[in-house]
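A.B. asks: quick check, what structure comes out for this input:
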Amino acid sequence: MTARRFFTGLWVAVFWLLWMASGNAATPRERDKIQTWVEENGLQVILIENHVNPMVEVRILARGGAAHDPVGREGLASLTAWMFNEGGGEFDSSAFQERLHYYGISMAADVGSDTIEVHLTSLSEHLDEAFARMGDAMLRPRFAQADFERALRERSAELIKSEEDPSFRASRALMPMIFGNHPYARPTTGTQESIKRIELADIRLHHQSTFRAPGMVMAIAGDVTRDQIEARLKRHLEKLSSEPGPFVPPPKATPAEKGLEKHIEMDQPQTTVRMGVVAMDREDPDFYALTVMNQLLGGGGLTSRLNQVVREERGLAYGIFSGFSPLAGRGPFTISTETKTESAREAVALIRSELKRMMEEEISEAELGDVLRYLTGSFPLHLDGLDKLAETWCRIGFYRRGLDYLDTWPDKIRAVTRADIQRVAKRILNLDRLQTVTVGRSSTNPPKTAADPSPSPADPPR
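C.D. replies: Numbers count the residues shown, from 1 in each chain. This next block holds a predicted model:
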(Lines give C-alpha, C1' and ligand atoms only; values in the text may rest on other atoms or scores of the structure.)
Protein backbone atom coordinates (compact mmCIF):
# COMPACT_ATOMS: atom_id res chain seq x y z
CA MET A 1 0.00 0.00 0.00
CA THR A 2 1.37 3.38 -0.99
CA ALA A 3 1.64 6.24 1.49
CA ARG A 4 -0.95 8.16 -0.51
CA ARG A 5 -3.48 5.33 -0.30
CA PHE A 6 -2.76 4.88 3.41
CA PHE A 7 -3.38 8.51 4.26
CA THR A 8 -6.43 8.64 1.99
CA GLY A 9 -7.87 5.66 3.86
CA LEU A 10 -6.96 7.24 7.20
CA TRP A 11 -8.69 10.49 6.25
CA VAL A 12 -11.83 8.59 5.17
CA ALA A 13 -11.88 6.74 8.51
CA VAL A 14 -11.47 9.96 10.48
CA PHE A 15 -14.17 11.62 8.40
CA TRP A 16 -16.61 8.80 9.12
CA LEU A 17 -15.93 8.92 12.86
CA LEU A 18 -16.49 12.68 12.97
CA TRP A 19 -19.53 12.45 10.75
CA MET A 20 -21.16 9.72 12.80
CA ALA A 21 -20.41 11.58 16.02
CA SER A 22 -22.00 14.76 14.65
CA GLY A 23 -25.44 13.20 14.64
CA ASN A 24 -25.93 13.75 10.91
CA ALA A 25 -25.86 10.07 9.98
CA ALA A 26 -29.13 8.35 9.18
CA THR A 27 -28.84 5.88 12.02
CA PRO A 28 -31.89 3.88 13.15
CA ARG A 29 -32.26 6.38 15.99
CA GLU A 30 -32.47 9.23 13.46
CA ARG A 31 -34.87 7.28 11.28
CA ASP A 32 -37.13 6.79 14.30
CA LYS A 33 -37.64 10.58 14.24
CA ILE A 34 -39.12 10.50 10.75
CA GLN A 35 -42.77 11.52 10.83
CA THR A 36 -45.25 11.51 7.97
CA TRP A 37 -48.75 12.88 7.63
CA VAL A 38 -51.19 14.31 5.13
CA GLU A 39 -52.64 17.78 5.58
CA GLU A 40 -56.38 18.36 5.16
CA ASN A 41 -55.83 19.80 1.69
CA GLY A 42 -53.98 16.66 0.58
CA LEU A 43 -50.36 17.80 0.94
CA GLN A 44 -48.11 14.88 1.94
CA VAL A 45 -45.48 15.88 4.52
CA ILE A 46 -42.34 14.06 5.65
CA LEU A 47 -40.38 15.45 8.60
CA ILE A 48 -36.88 14.36 9.62
CA GLU A 49 -36.00 16.08 12.87
CA ASN A 50 -32.34 16.88 13.41
CA HIS A 51 -31.49 19.51 16.02
CA VAL A 52 -27.70 19.42 15.71
CA ASN A 53 -27.55 22.68 13.75
CA PRO A 54 -30.09 25.56 13.56
CA MET A 55 -30.85 24.92 9.89
CA VAL A 56 -33.84 23.62 7.96
CA GLU A 57 -33.91 22.19 4.43
CA VAL A 58 -37.20 21.85 2.55
CA ARG A 59 -37.80 20.01 -0.72
CA ILE A 60 -41.08 19.88 -2.60
CA LEU A 61 -41.87 17.72 -5.62
CA ALA A 62 -44.92 18.44 -7.74
CA ARG A 63 -45.96 16.75 -10.95
CA GLY A 64 -45.60 19.26 -13.77
CA GLY A 65 -42.18 18.70 -15.29
CA ALA A 66 -41.01 19.05 -18.88
CA ALA A 67 -42.83 15.88 -20.01
CA HIS A 68 -46.07 17.81 -19.48
CA ASP A 69 -45.13 20.67 -21.80
CA PRO A 70 -47.65 21.13 -24.63
CA VAL A 71 -46.32 20.10 -28.02
CA GLY A 72 -44.92 23.20 -29.70
CA ARG A 73 -44.42 25.03 -26.40
CA GLU A 74 -41.53 23.01 -25.06
CA GLY A 75 -39.75 24.86 -22.26
CA LEU A 76 -42.98 25.95 -20.52
CA ALA A 77 -42.34 24.00 -17.30
CA SER A 78 -38.75 25.22 -17.20
CA LEU A 79 -39.80 28.86 -17.56
CA THR A 80 -42.49 28.34 -14.91
CA ALA A 81 -39.80 27.12 -12.52
CA TRP A 82 -37.55 30.03 -13.52
CA MET A 83 -40.26 32.51 -12.48
CA PHE A 84 -41.08 30.79 -9.18
CA ASN A 85 -39.25 33.33 -7.00
CA GLU A 86 -39.80 36.40 -9.20
CA GLY A 87 -42.11 38.10 -6.74
CA GLY A 88 -45.26 37.22 -4.85
CA GLY A 89 -47.86 38.81 -2.63
CA GLU A 90 -47.03 42.46 -1.91
CA PHE A 91 -43.41 42.09 -3.13
CA ASP A 92 -42.29 42.60 -6.70
CA SER A 93 -39.30 40.64 -7.99
CA SER A 94 -36.67 42.99 -6.62
CA ALA A 95 -38.27 43.38 -3.19
CA PHE A 96 -38.89 39.64 -2.99
CA GLN A 97 -35.23 38.86 -3.62
CA GLU A 98 -34.10 41.50 -1.14
CA ARG A 99 -36.38 39.99 1.50
CA LEU A 100 -34.92 36.52 0.97
CA HIS A 101 -31.39 37.90 1.06
CA TYR A 102 -32.00 39.89 4.26
CA TYR A 103 -33.10 36.76 6.14
CA GLY A 104 -30.48 34.50 4.55
CA ILE A 105 -33.12 32.37 2.84
CA SER A 106 -32.38 30.46 -0.34
CA MET A 107 -35.44 29.51 -2.40
CA ALA A 108 -35.78 28.48 -6.03
CA ALA A 109 -37.44 25.94 -8.28
CA ASP A 110 -35.98 23.58 -10.83
CA VAL A 111 -37.52 21.33 -13.45
CA GLY A 112 -37.03 17.70 -14.40
CA SER A 113 -38.81 15.43 -16.83
CA ASP A 114 -41.49 14.34 -14.33
CA THR A 115 -41.55 17.12 -11.76
CA ILE A 116 -40.97 20.67 -10.70
CA GLU A 117 -38.87 20.74 -7.52
CA VAL A 118 -38.75 23.55 -4.97
CA HIS A 119 -35.60 24.02 -2.84
CA LEU A 120 -35.70 26.06 0.35
CA THR A 121 -32.92 26.58 2.91
CA SER A 122 -33.33 28.68 6.04
CA LEU A 123 -32.11 29.19 9.55
CA SER A 124 -34.71 27.69 11.87
CA GLU A 125 -35.29 31.08 13.52
CA HIS A 126 -36.38 32.52 10.15
CA LEU A 127 -38.51 29.58 9.07
CA ASP A 128 -41.78 31.48 9.41
CA GLU A 129 -40.48 34.13 7.02
CA ALA A 130 -39.32 31.40 4.64
CA PHE A 131 -42.73 29.70 4.61
CA ALA A 132 -44.43 33.08 4.18
CA ARG A 133 -42.42 33.79 1.04
CA MET A 134 -42.99 30.25 -0.23
CA GLY A 135 -46.71 30.78 0.28
CA ASP A 136 -46.48 34.02 -1.73
CA ALA A 137 -44.63 32.25 -4.54
CA MET A 138 -47.12 29.35 -4.72
CA LEU A 139 -50.42 31.12 -4.01
CA ARG A 140 -49.86 34.76 -4.96
CA PRO A 141 -47.19 34.89 -7.69
CA ARG A 142 -46.72 38.29 -9.33
CA PHE A 143 -45.82 37.05 -12.82
CA ALA A 144 -45.10 40.56 -14.07
CA GLN A 145 -44.86 40.97 -17.83
CA ALA A 146 -41.44 42.63 -17.53
CA ASP A 147 -40.09 39.67 -15.56
CA PHE A 148 -41.52 37.24 -18.10
CA GLU A 149 -39.88 39.09 -20.98
CA ARG A 150 -36.58 39.05 -19.08
CA ALA A 151 -36.96 35.29 -18.62
CA LEU A 152 -37.48 34.84 -22.34
CA ARG A 153 -34.42 36.95 -23.17
CA GLU A 154 -32.24 35.00 -20.74
CA ARG A 155 -33.51 31.66 -21.98
CA SER A 156 -32.89 32.65 -25.58
CA ALA A 157 -29.34 33.69 -24.70
CA GLU A 158 -28.80 30.43 -22.82
CA LEU A 159 -29.96 28.40 -25.82
CA ILE A 160 -27.63 30.31 -28.15
CA LYS A 161 -24.72 29.74 -25.78
CA SER A 162 -25.61 26.07 -25.39
CA GLU A 163 -25.17 25.53 -29.11
CA GLU A 164 -21.45 25.98 -28.47
CA ASP A 165 -21.48 23.08 -25.98
CA PRO A 166 -20.97 19.67 -27.64
CA SER A 167 -22.41 17.86 -24.59
CA PHE A 168 -25.63 19.87 -24.83
CA ARG A 169 -25.96 19.20 -28.54
CA ALA A 170 -25.26 15.50 -28.10
CA SER A 171 -27.81 15.07 -25.33
CA ARG A 172 -30.44 17.08 -27.17
CA ALA A 173 -29.99 14.87 -30.24
CA LEU A 174 -29.91 11.62 -28.25
CA MET A 175 -33.21 11.94 -26.35
CA PRO A 176 -35.47 11.94 -29.46
CA MET A 177 -33.52 8.99 -30.82
CA ILE A 178 -34.11 7.06 -27.59
CA PHE A 179 -37.73 8.08 -26.98
CA GLY A 180 -39.21 8.87 -30.39
CA ASN A 181 -42.59 10.56 -29.89
CA HIS A 182 -42.66 9.99 -26.12
CA PRO A 183 -42.82 13.15 -23.95
CA TYR A 184 -39.32 12.43 -22.60
CA ALA A 185 -37.96 13.26 -26.04
CA ARG A 186 -38.96 16.92 -25.65
CA PRO A 187 -36.19 19.41 -24.87
CA THR A 188 -36.48 20.49 -21.23
CA THR A 189 -35.44 24.09 -21.84
CA GLY A 190 -37.28 24.36 -25.14
CA THR A 191 -35.98 25.71 -28.42
CA GLN A 192 -35.72 29.19 -29.89
CA GLU A 193 -38.92 28.49 -31.81
CA SER A 194 -40.95 26.92 -28.98
CA ILE A 195 -40.27 29.58 -26.35
CA LYS A 196 -41.52 32.28 -28.73
CA ARG A 197 -44.93 30.59 -28.61
CA ILE A 198 -45.13 30.69 -24.80
CA GLU A 199 -47.21 33.48 -23.31
CA LEU A 200 -47.52 34.72 -19.75
CA ALA A 201 -51.00 33.16 -19.53
CA ASP A 202 -49.39 29.77 -20.22
CA ILE A 203 -47.02 30.30 -17.27
CA ARG A 204 -49.92 31.18 -14.97
CA LEU A 205 -51.92 28.12 -16.00
CA HIS A 206 -48.98 25.74 -15.67
CA HIS A 207 -48.16 27.15 -12.22
CA GLN A 208 -51.76 26.78 -11.06
CA SER A 209 -51.94 23.24 -12.44
CA THR A 210 -48.67 22.20 -10.77
CA PHE A 211 -48.88 23.57 -7.24
CA ARG A 212 -51.93 21.73 -5.94
CA ALA A 213 -51.74 20.00 -2.59
CA PRO A 214 -52.87 16.46 -3.58
CA GLY A 215 -50.04 16.13 -6.10
CA MET A 216 -47.26 17.52 -3.91
CA VAL A 217 -44.82 15.95 -1.46
CA MET A 218 -42.92 18.13 1.01
CA ALA A 219 -39.91 16.82 2.93
CA ILE A 220 -38.39 18.88 5.76
CA ALA A 221 -35.09 18.04 7.44
CA GLY A 222 -33.55 19.94 10.32
CA ASP A 223 -34.09 21.92 13.47
CA VAL A 224 -37.88 22.01 13.62
CA THR A 225 -40.73 20.05 15.23
CA ARG A 226 -43.99 18.75 13.82
CA ASP A 227 -46.01 21.31 15.77
CA GLN A 228 -43.91 24.12 14.33
CA ILE A 229 -44.29 22.80 10.77
CA GLU A 230 -48.04 22.25 11.09
CA ALA A 231 -48.49 25.81 12.39
CA ARG A 232 -46.59 27.25 9.42
CA LEU A 233 -48.43 25.10 6.91
CA LYS A 234 -51.75 26.23 8.33
CA ARG A 235 -50.66 29.87 8.33
CA HIS A 236 -49.07 30.02 4.90
CA LEU A 237 -50.07 27.06 2.70
CA GLU A 238 -53.52 26.03 3.92
CA LYS A 239 -55.15 27.63 0.86
CA LEU A 240 -53.33 25.40 -1.62
CA SER A 241 -55.95 23.88 -3.89
CA SER A 242 -57.28 20.54 -2.65
CA GLU A 243 -58.36 19.64 -6.20
CA PRO A 244 -56.06 17.20 -8.04
CA GLY A 245 -54.12 18.73 -10.91
CA PRO A 246 -54.46 17.71 -14.56
CA PHE A 247 -51.06 16.08 -14.83
CA VAL A 248 -50.76 12.29 -14.76
CA PRO A 249 -47.63 10.14 -15.11
CA PRO A 250 -46.54 9.82 -18.74
CA PRO A 251 -47.04 6.52 -20.55
CA LYS A 252 -44.37 3.85 -20.33
CA ALA A 253 -41.71 4.40 -22.98
CA THR A 254 -40.76 1.53 -25.26
CA PRO A 255 -37.34 1.10 -26.92
CA ALA A 256 -36.96 2.07 -30.54
CA GLU A 257 -37.10 -0.83 -32.98
CA LYS A 258 -33.68 0.00 -34.42
CA GLY A 259 -30.58 1.69 -33.07
CA LEU A 260 -29.19 4.53 -35.15
CA GLU A 261 -25.95 6.48 -35.30
CA LYS A 262 -25.89 10.24 -35.77
CA HIS A 263 -22.91 12.54 -36.20
CA ILE A 264 -23.10 16.30 -35.61
CA GLU A 265 -20.27 18.17 -37.25
CA MET A 266 -18.64 20.69 -34.89
CA ASP A 267 -15.14 22.15 -34.90
CA GLN A 268 -13.92 20.76 -31.57
CA PRO A 269 -10.56 19.29 -30.47
CA GLN A 270 -12.37 16.20 -29.17
CA THR A 271 -15.40 14.15 -30.12
CA THR A 272 -18.23 13.87 -27.63
CA VAL A 273 -19.92 10.46 -27.53
CA ARG A 274 -23.38 9.79 -26.10
CA MET A 275 -25.15 6.43 -26.27
CA GLY A 276 -28.44 5.36 -24.76
CA VAL A 277 -31.56 3.23 -24.64
CA VAL A 278 -34.84 3.12 -22.71
CA ALA A 279 -34.33 1.58 -19.24
CA MET A 280 -36.92 1.39 -16.43
CA ASP A 281 -38.83 3.08 -13.61
CA ARG A 282 -38.35 2.77 -9.84
CA GLU A 283 -41.05 0.13 -9.45
CA ASP A 284 -39.42 -2.29 -11.87
CA PRO A 285 -38.39 -5.55 -10.15
CA ASP A 286 -35.02 -5.29 -11.91
CA PHE A 287 -34.26 -1.85 -10.42
CA TYR A 288 -31.69 -3.16 -7.93
CA ALA A 289 -30.06 -5.48 -10.47
CA LEU A 290 -29.67 -2.56 -12.88
CA THR A 291 -28.22 -0.42 -10.08
CA VAL A 292 -25.51 -3.03 -9.49
CA MET A 293 -24.90 -3.66 -13.19
CA ASN A 294 -24.57 0.06 -13.89
CA GLN A 295 -22.00 0.52 -11.11
CA LEU A 296 -20.00 -2.39 -12.47
CA LEU A 297 -20.19 -1.18 -16.07
CA GLY A 298 -19.46 2.53 -15.72
CA GLY A 299 -21.21 3.98 -12.70
CA GLY A 300 -18.21 5.94 -11.44
CA GLY A 301 -14.75 5.23 -10.13
CA LEU A 302 -11.62 3.96 -11.83
CA THR A 303 -12.54 0.29 -11.41
CA SER A 304 -15.59 0.19 -13.70
CA ARG A 305 -15.26 -1.98 -16.78
CA LEU A 306 -15.67 0.85 -19.26
CA ASN A 307 -13.08 2.96 -17.46
CA GLN A 308 -10.61 0.09 -17.34
CA VAL A 309 -10.92 -0.71 -21.04
CA VAL A 310 -11.36 2.75 -22.59
CA ARG A 311 -9.18 4.82 -20.25
CA GLU A 312 -6.68 2.60 -18.46
CA GLU A 313 -5.90 0.04 -21.18
CA ARG A 314 -6.33 2.12 -24.36
CA GLY A 315 -5.88 5.68 -23.09
CA LEU A 316 -8.73 6.95 -25.26
CA ALA A 317 -10.48 9.15 -22.68
CA TYR A 318 -9.99 10.87 -19.35
CA GLY A 319 -13.29 9.49 -18.12
CA ILE A 320 -16.28 7.44 -19.21
CA PHE A 321 -19.53 6.99 -17.33
CA SER A 322 -22.83 5.17 -17.49
CA GLY A 323 -26.02 5.96 -15.61
CA PHE A 324 -29.78 5.63 -15.64
CA SER A 325 -32.71 7.81 -14.62
CA PRO A 326 -35.63 5.77 -13.22
CA LEU A 327 -38.35 8.15 -14.38
CA ALA A 328 -42.05 7.37 -13.97
CA GLY A 329 -42.41 6.54 -17.67
CA ARG A 330 -39.13 4.56 -17.88
CA GLY A 331 -36.11 6.81 -18.13
CA PRO A 332 -32.92 6.41 -20.16
CA PHE A 333 -29.77 4.38 -19.62
CA THR A 334 -26.87 6.38 -21.06
CA ILE A 335 -23.12 6.20 -21.60
CA SER A 336 -20.99 9.31 -22.09
CA THR A 337 -17.37 10.08 -22.87
CA GLU A 338 -15.07 12.40 -24.84
CA THR A 339 -12.23 11.18 -26.99
CA LYS A 340 -9.88 12.27 -29.77
CA THR A 341 -11.48 12.55 -33.20
CA GLU A 342 -9.31 9.82 -34.67
CA SER A 343 -10.24 7.39 -31.87
CA ALA A 344 -14.01 8.02 -31.77
CA ARG A 345 -14.93 4.95 -33.78
CA GLU A 346 -12.60 2.79 -31.72
CA ALA A 347 -14.13 4.10 -28.48
CA VAL A 348 -17.66 3.37 -29.69
CA ALA A 349 -16.62 -0.13 -30.76
CA LEU A 350 -15.01 -0.80 -27.37
CA ILE A 351 -18.15 0.37 -25.56
CA ARG A 352 -20.33 -1.93 -27.65
CA SER A 353 -17.91 -4.78 -27.03
CA GLU A 354 -18.15 -4.29 -23.26
CA LEU A 355 -21.93 -4.17 -23.40
CA LYS A 356 -21.91 -7.42 -25.33
CA ARG A 357 -19.55 -9.00 -22.81
CA MET A 358 -21.84 -7.92 -19.98
CA MET A 359 -24.74 -9.70 -21.69
CA GLU A 360 -22.91 -12.86 -22.71
CA GLU A 361 -20.50 -13.55 -19.84
CA GLU A 362 -21.49 -14.01 -16.21
CA ILE A 363 -19.38 -11.81 -13.94
CA SER A 364 -17.10 -13.39 -11.33
CA GLU A 365 -17.96 -13.72 -7.66
CA ALA A 366 -15.01 -11.48 -6.79
CA GLU A 367 -16.24 -8.74 -9.14
CA LEU A 368 -19.74 -8.97 -7.71
CA GLY A 369 -18.44 -8.86 -4.15
CA ASP A 370 -16.40 -5.74 -4.85
CA VAL A 371 -19.29 -3.79 -6.36
CA LEU A 372 -21.74 -4.85 -3.63
CA ARG A 373 -19.33 -3.74 -0.91
CA TYR A 374 -18.82 -0.42 -2.65
CA LEU A 375 -22.53 0.30 -3.09
CA THR A 376 -23.53 -0.64 0.44
CA GLY A 377 -20.46 0.98 1.98
CA SER A 378 -20.98 4.30 0.18
CA PHE A 379 -24.73 4.29 0.75
CA PRO A 380 -24.60 6.55 3.86
CA LEU A 381 -22.93 9.28 1.77
CA HIS A 382 -26.33 9.84 0.16
CA LEU A 383 -27.64 10.92 3.58
CA ASP A 384 -24.74 12.90 5.02
CA GLY A 385 -26.45 16.27 5.21
CA LEU A 386 -29.82 17.90 5.73
CA ASP A 387 -30.08 18.74 2.03
CA LYS A 388 -29.54 15.11 1.01
CA LEU A 389 -31.97 13.86 3.66
CA ALA A 390 -34.70 16.20 2.44
CA GLU A 391 -33.97 15.38 -1.21
CA THR A 392 -33.94 11.62 -0.66
CA TRP A 393 -37.06 11.48 1.48
CA CYS A 394 -38.96 13.75 -0.90
CA ARG A 395 -38.31 11.31 -3.74
CA ILE A 396 -39.17 8.33 -1.54
CA GLY A 397 -42.51 9.95 -0.77
CA PHE A 398 -43.26 11.17 -4.29
CA TYR A 399 -42.48 7.85 -5.95
CA ARG A 400 -44.12 5.90 -3.09
CA ARG A 401 -41.16 3.72 -2.22
CA GLY A 402 -42.24 3.16 1.39
CA LEU A 403 -40.90 4.25 4.78
CA ASP A 404 -38.69 1.15 4.95
CA TYR A 405 -36.92 2.01 1.67
CA LEU A 406 -33.63 3.11 3.26
CA ASP A 407 -33.68 0.24 5.74
CA THR A 408 -34.17 -2.42 3.07
CA TRP A 409 -32.04 -0.91 0.28
CA PRO A 410 -28.69 -2.45 1.36
CA ASP A 411 -30.21 -5.92 1.74
CA LYS A 412 -31.88 -5.69 -1.65
CA ILE A 413 -28.58 -4.69 -3.22
CA ARG A 414 -26.79 -7.58 -1.51
CA ALA A 415 -29.46 -9.97 -2.82
CA VAL A 416 -28.51 -9.25 -6.46
CA THR A 417 -26.85 -12.29 -8.06
CA ARG A 418 -24.53 -12.76 -11.01
CA ALA A 419 -27.44 -14.26 -12.95
CA ASP A 420 -29.57 -11.20 -12.17
CA ILE A 421 -26.92 -8.91 -13.62
CA GLN A 422 -26.58 -10.92 -16.81
CA ARG A 423 -30.36 -11.11 -17.18
CA VAL A 424 -30.91 -7.36 -16.78
CA ALA A 425 -27.99 -6.67 -19.14
CA LYS A 426 -29.65 -8.77 -21.84
CA ARG A 427 -32.91 -6.97 -21.22
CA ILE A 428 -31.62 -3.37 -21.25
CA LEU A 429 -28.35 -3.34 -23.21
CA ASN A 430 -29.84 -4.37 -26.54
CA LEU A 431 -27.18 -3.46 -29.10
CA ASP A 432 -29.70 -3.52 -31.94
CA ARG A 433 -31.65 -0.73 -30.20
CA LEU A 434 -28.75 1.29 -28.83
CA GLN A 435 -28.73 4.90 -30.05
CA THR A 436 -25.41 6.68 -30.65
CA VAL A 437 -24.57 10.36 -31.15
CA THR A 438 -21.12 11.81 -31.81
CA VAL A 439 -20.35 15.52 -31.90
CA GLY A 440 -17.08 16.84 -33.29
CA ARG A 441 -15.05 16.79 -36.46
CA SER A 442 -15.42 13.86 -38.76
CA SER A 443 -12.13 12.00 -39.19
CA THR A 444 -11.80 13.33 -42.75
CA ASN A 445 -12.61 16.95 -41.82
CA PRO A 446 -9.48 18.87 -40.66
CA PRO A 447 -9.68 21.67 -38.06
CA LYS A 448 -10.66 25.09 -39.40
CA THR A 449 -7.98 27.71 -39.77
CA ALA A 450 -8.13 31.48 -40.04
CA ALA A 451 -8.22 31.04 -43.82
CA ASP A 452 -11.23 28.71 -43.61
CA PRO A 453 -13.86 30.47 -41.50
CA SER A 454 -16.87 28.92 -43.22
CA PRO A 455 -19.34 27.08 -40.98
CA SER A 456 -19.84 23.35 -41.29
CA PRO A 457 -22.99 22.15 -43.13
CA ALA A 458 -24.53 21.02 -39.82
CA ASP A 459 -24.16 24.47 -38.28
CA PRO A 460 -25.61 27.13 -40.60
CA PRO A 461 -25.12 30.74 -39.55
CA ARG A 462 -27.84 32.09 -37.26
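
A.B. asks: distance of the residue nearest the centre of the chain relative to D202?
C.D. replies: Geometric centre of the chain, nearest residue: G112, 6.7 Å, by Cα atoms, centre = their mean. In this view, G112 and D202 are 19 Å apart by Cβ to Cβ, to the nearest Å. C-beta: built from backbone N, CA, C; applies to glycine.

A.B. asks: L47 too?
C.D. replies: Counting by Cβ to Cβ - L47 and D202 are separated by 35 Å.

A.B. asks: likewise for A347?
C.D. replies: Taking Cβ to Cβ, one finds A347 at 42 Å from D202.

A.B. asks: the more surrounded of these two?
C.D. replies: More crowded of A347 and D202, by other Cβ atoms under 10 Å: A347, with 23 against 17.

A.B. asks: next, that one: phi, psi?
C.D. replies: phi -60, psi -40 (degrees, to the nearest 10).

A.B. asks: these two touch, right, it and T272?
C.D. replies: No: between A347 and T272 there is no contact under Cβ atoms under 8 Å: 10.8 Å.

A.B. asks: overlap in contacts, those two.
C.D. replies: T337 (Cβ atoms under 8 Å, 6 or more residues apart in numbering).

A.B. asks: my read is that L159 contacts Q192, right?
C.D. replies: Yes: counting by Cβ under 8 Å, L159 touches Q192, with 5.7 Å between them.

A.B. asks: can you confirm E158 is in a strand?
C.D. replies: No: with DSSP: H, G, I helix; E, B strand; the rest coil as the criterion, E158 is located in helix rather than a strand.

A.B. asks: list the contacts for it?
C.D. replies: Per Cβ under 8 Å, 6+ apart, neighbours of E158: T189.

A.B. asks: how about the residue nearest to the centre of the chain: what's its closest non-neighbour residue?
C.D. replies: Of all residues not flanking G112 in the chain, G65 sits nearest, at 4.9 Å (Cβ to Cβ, 6 or more residues apart in numbering).

A.B. asks: contacts only, for that neighbour.
C.D. replies: Counting by Cβ under 8 Å, 6+ apart, G65 touches 77, 111-116.

A.B. asks: hmm, back to that, quick one, phi psi at the residue nearest to the centre of the chain?
C.D. replies: Phi and psi for G112, reported as degrees, to the nearest 10, are phi -120, psi -170.

A.B. asks: ok, M107 next?
C.D. replies: The phi/psi pair for M107 (degrees, to the nearest 10) is phi -150, psi 130.

A.B. asks: check which helix or strand the residue lying closest to it once chain neighbours are set aside maps to.
C.D. replies: Counting by Cβ to Cβ, 6+ apart, M107 lies nearest to L120, which is 4.7 Å off, once chain neighbours are set aside. L120 is part of strand 115-123, with elements assigned from DSSP states H and E.

A.B. asks: can you check E74 too?
C.D. replies: Residue-wise, E74 maps onto no helix or strand under DSSP H and E.

A.B. asks: so it sits against A185, correct?
C.D. replies: No: with contacts counted by Cβ under 8 Å, E74 stays clear of A185, the gap being 9.8 Å.

A.B. asks: more neighbours: which of these two?
C.D. replies: Legend: neighbour count by other Cβ under 10 Å for E74 and A185, higher for E74 (23 against 16).

A.B. asks: next structured bit after the strand or helix carrying R59?
C.D. replies: If you go by DSSP H and E, R59 is part of strand 55-63. Next helix or strand after strand 55-63 toward the C-terminus (DSSP H and E): helix 76-82.

A.B. asks: can you name the element that comes right after that next one?
C.D. replies: Proceeding N to C from helix 76-82, the next assigned helix or strand is helix 93-102, under DSSP H and E.

A.B. asks: please enumerate residues in contact with that next one?
C.D. replies: Contacts of helix 93-102 (Cβ under 8 Å, 6+ apart): 85-88, 91, 106-107, 129, 133, 136, 142, 144, 147.

A.B. asks: nearest to E342 among those residues?
C.D. replies: Closest approach between these and E342, by Cβ to Cβ: S106, at 46.0 Å.

A.B. asks: that concludes my questions; thank you for your assistance.
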